[in-house]
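Asks: Prediction below, plus the sequence it came from.
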Amino acid sequence: MYDVNKIREDFPILSRTVYNKPLVYLDNAATTQKPLCVLDAMRNEYLNVNANVHRGVHYLSQQATDLHESAREKVRSFINAKSLSEVIFTRGTTESINLVAQTFCEAFMKEGDEVLVSDMEHHSNIVPWQLQAQKRGIVVRHLPITDDGLLDLSTLSSHLSSRTKLVSICHVSNVLGTVNPVKEIIRLAHEHDIPVLLDGAQSAPHMKIDVQDLDCDFYAFSGHKMYGPTGIGVLYGKEKLLEKMPPYQGGGEMIDKVSWEKTTFEQLPLKFEAGTPDYVATHGLATAIDYMLSLGLDNIEAHEQELTRYCMERMQEIENIRIFGPHLSPLNSHLSSHRDAVVSFLVGDIHHLDMGTLLDRLGIAVRTGHHCAHPLMTRLGVTGTVRASFALYNTKEEVDALIDGIHRVSKMF
Ligand code: PMP
């Protein structure tokens, strides 16, 4: 039994008010709130365990190392990676993709080689590749989307060539909510021996991820979007690829032996983890994963799907509303399976910023603007949208508050 009111007690921030109104927090795609267990775990570590990890002979250091490395194991089993060597801690999705962009290009790409992204990418899956384009002369190509906000797989093959060295796409769009048919994309890319990176920033918080079943070559996600702390994220990579990629940053932790003549590097995954890791945040992330697992990933997904469906249904009441992204029912199974917990919209010619500002005055937190996806905004022919995004603790009453709020704002214009 999924008791959302009970769950909300784990998130004290949800009971605060803004402008004397109950907070309705619908900006979860940007970041989620943290349950008490995560905050307690981190506080407890700083209070009782804190010491730098790895190589310490003393008790605290060993205890901190155990917590840090068991967090790696927690992440490994959460995404079903084959081995701990394939789980690299980073600052988040952005750093994970930058790591791949720099080191994969260094190892495998030369001038004229291509990386294929899509028209619905977040800037963090565009700009790292553009930087490599400037530096190495690689070419960034982008797969188009349909007017419904879907990737059309019939165009995929024509975008792959002998020069394509990597496909890098989002699993779920942070603007459209589209859940991309990534298994099919990976299968097609692999037929051409092309590895695939999935930007999982918007999928890891909402669905069971099994990197072996997906057969993706890289998978990137952020802790703060799944009830964990800020500043910690993960890059999963297949060992056979990571082995061939050079280190990302140099410093402590990532070396085997350093001399003036020759420096050798640590084994995976430490080869990619220079400097003191955020070992308290990794423990926080592991606690967040435990929290999600205790509620049940299927239950969380079902709850969020229900909220999304309810929100989109209720939005039909609003005159002149334009909802971006796929319809709810699967339109065509080879295009997209479903929509995730994100609803982007515009009402008439009300500017997204006006809508967001006025909703805020009613206590409703939504995100407005380009959502770090300028090329997608251009494709949609808008400068920005209003985005409501749901998490495991949101309620139908909050959706009702949003709908009432939109009605009220619409009447003012
Ligand atoms: N990709 C997608 C699809 C996202 O939604 C986000 C965050 N908005 C990112 C990448 C970047 O994540 P972070 O800022 O945590 O690195």
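Replies: Right, received. Where do you want to start? Source: prediction; values computed, not measured.
Asks: Point out the residues in the stretch 201-350 of the chain that sit beside the ligand.
Replies: By Cβ under 6 Å from any ligand atom, the part of the stretch 201-350 of the chain that sits against the ligand consists of 201-202, 222. Quick note: C-beta positions are derived from backbone N, CA and C, even for glycine.
Asks: Out of these, which is nearest to residue 325?
Replies: The nearest member of these to residue 325, counting by Cβ to Cβ, is residue 202 at 12.0 Å.
Asks: The residue of the stretch 301-413 of the chain found nearest the ligand: what's it in contact with?
Replies: Going by Cβ to the nearest ligand atom, the ligand is nearest to residue 372 of the stretch 301-413 of the chain, at 5.8 Å. Counting by Cβ atoms under 8 Å, 6 or more residues apart in numbering, residue 372 makes contact with 122-124, 174.
Asks: Run the chain-centre distance for stretch 139-148.
Replies: The chain centroid and the centroid of stretch 139-148 are separated by 20 Å under Cα atoms, centre = their mean, to the nearest Å.
Asks: Check stretch 199-219 too.
Replies: 9 Å.
Asks: and if you look at stretch 105-117?
Replies: Its chain's C-alpha centre and that of stretch 105-117 lie 23 Å apart, by Cα atoms, centre = their mean.
Asks: So what touches that stretch?
Replies: By Cβ under 8 Å, 6+ apart, stretch 105-117 touches 125-126, 129, 132, 135-143, 159-161, 163-169, 244-246.
Asks: Tell me the buried residues in that stretch?
Replies: Neighbour-count burial for stretch 105-117 flags 105, 109, 113-117 (criterion: 16 or more other Cβ atoms under 10 Å).
Asks: which of the contacts of residue 372 tops the neighbour count?
Replies: residue 174 (27 neighbours; other Cβ atoms under 10 Å).
Asks: for this protein, what spans make up the helices?
Replies: Assigned by DSSP state H, the helices in the chain fall at 4-8, 36-48, 59-79, 93-108, 127-136, 156-159, 182-191, 211-214, 239-244, 279-295, 297-315, 352-361, 374-380, 396-412.
Asks: Same list, the ones you listed, but as a markdown table with mean pLDDT please.
Replies: Compiled in a markdown table, those are given as follows (pLDDT from 0 to 100):
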| stretch | mean pLDDT |
| --- | --- |
| helix 4-8 | 98 |
| helix 36-48 | 98 |
| helix 59-79 | 98 |
| helix 93-108 | 98 |
| helix 127-136 | 98 |
| helix 156-159 | 94 |
| helix 182-191 | 97 |
| helix 211-214 | 98 |
| helix 239-244 | 98 |
| helix 279-295 | 98 |
| helix 297-315 | 95 |
| helix 352-361 | 98 |
| helix 374-380 | 98 |
| helix 396-412 | 98 |
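Asks: got CSV for the ones you listed, with distance to residue 324 too?
Replies: CSV is the format used below for these (distance: least, Cβ to Cβ, whole Å):
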stretch, distance to residue 324
helix 4-8, 27
helix 36-48, 32
helix 59-79, 29
helix 93-108, 22
helix 127-136, 22
helix 156-159, 22
helix 182-191, 20
helix 211-214, 26
helix 239-244, 34
helix 279-295, 28
helix 297-315, 11
helix 352-361, 11
helix 374-380, 6
helix 396-412, 15
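Asks: for these, which one sits closest to residue 229?
Replies: Nearest of these to residue 229, taken as Cβ to Cβ: helix 279-295 at 4.2 Å.
Asks: Which strands and helices lie in contact with that closest one?
Replies: helix 36-48, helix 59-79 (3 or more Cβ pairs under 8 Å, 6 or more residues apart in numbering; DSSP states H and E).
Asks: so which of those helices comes closest to the ligand?
Replies: Minimum separation from the ligand across the helices and strands packed on helix 279-295 (Cβ to the nearest ligand atom) falls at helix 59-79, 15.3 Å.
Asks: So which elements touch the closest one?
Replies: If you count contacts as 3+ Cβ pairs under 8 Å, 6+ apart, helix 59-79 packs onto strand 87-90, strand 233-237, helix 279-295.
Asks: returning to what we had before: deepest in the core, which of the helices and strands packed on helix 279-295 is it.
Replies: helix 59-79 (a mean of 18; mean count of other Cβ atoms under 10 Å).
Asks: Now, of the contacts of stretch 105-117, which are buried?
Replies: 125-126, 129, 132, 138-143, 160, 164-169, 245.
Asks: hmm, back to that, export the helices and strands packed on helix 279-295 as TSV, with columns for distance to residue 151.
Replies: Putting the helices and strands packed on helix 279-295 into TSV (distance: least, Cβ to Cβ, whole Å) gives the following:
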stretch	distance to residue 151
helix 36-48	34
helix 59-79	22
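Asks: of all those, which lies closest to residue 387?
Replies: helix 36-48 (24.5 Å).
Asks: ok, and what's touching that closest one?
Replies: Contacts for helix 36-48 (Cβ under 8 Å, 6+ apart): 10-12, 64, 67, 227-229, 279-281, 283-284, 287-288, 290-291.
Asks: Over to stretch 343-354?
Replies: Stretch 343-354 has contacts (Cβ under 8 Å, 6+ apart) with 175-177, 308, 311-312, 315, 318-325, 355, 368-369, 371, 382-389, 406, 409-410, 413.
Asks: Looking at the residue of the chain positioned farthest from its centre now. What's its pLDDT?
Replies: Largest separation from the mean C-alpha position in the chain: residue 261, at 41.0 Å (Cα atoms, centre = their mean). Note on residue 261: pLDDT of 97.
Asks: So what does it look like in phi/psi?
Replies: Main-chain torsions, residue 261, degrees, to the nearest 10: phi -80, psi -40.
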